[in-house]
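Chemist: Starting from these lines, generate the structure:
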Amino acid sequence: MKLLLLLQQESAMPEIPRQLKPDELHQWQLAIAEADRHNILCHCRDCDYEWVASKPEPCQCGSKQVEHIACWQFPDG
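Modeler: Below you'll find the model as predicted:
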C-alpha cells in the first residue's frame, strides 16, 4: 500500500522541463535571429517618429539619425 501511495505522489508532481539538445538550441537561436532581423523598432532622433521595419532604414523625414531596437527585446502585453 505504501508503494502505491508513493507512486501516486510521484505521478502528481509536475515534470521538470528538459534542457534543449544542442541542435534544438541552435534552431531556437536561429528563430530568434530571424525575428530580430524582421522586427525592428525604429525611432527618429530628429522628429521623434516611430515605426517598425524589417531592416534599419532612414526616417520618412529623411533623417538618418534613427535608433534601431530589435522588437524581441520588448515583453508581450
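Chemist: Could you pull out the helices in this protein for me?
Modeler: For the chain, applying DSSP state H gives helices covering 2-12, 22-38.
Chemist: Pick out the shakiest of the ones you listed, pLDDT-wise.
Modeler: Across the helices of the chain, helix 2-12 has the smallest mean pLDDT, namely a mean of 50.
Chemist: so His68 sits right up against Leu41, yeah?
Modeler: Yes - if you go by C-beta atoms under 8 Å, His68 and Leu41 touch, sitting 7.3 Å apart. Yep, even glycine has a C-beta here, placed from its N, CA and C like the rest.
Chemist: Which one's more surrounded, these two?
Modeler: Leu41 (15 against 12; other C-beta atoms under 10 Å).
Chemist: and Pro56, what does it touch?
Modeler: Contact analysis of Pro56 by C-beta atoms under 8 Å, 6 or more residues apart in numbering lists Ile40, Cys42, Val66, His68.
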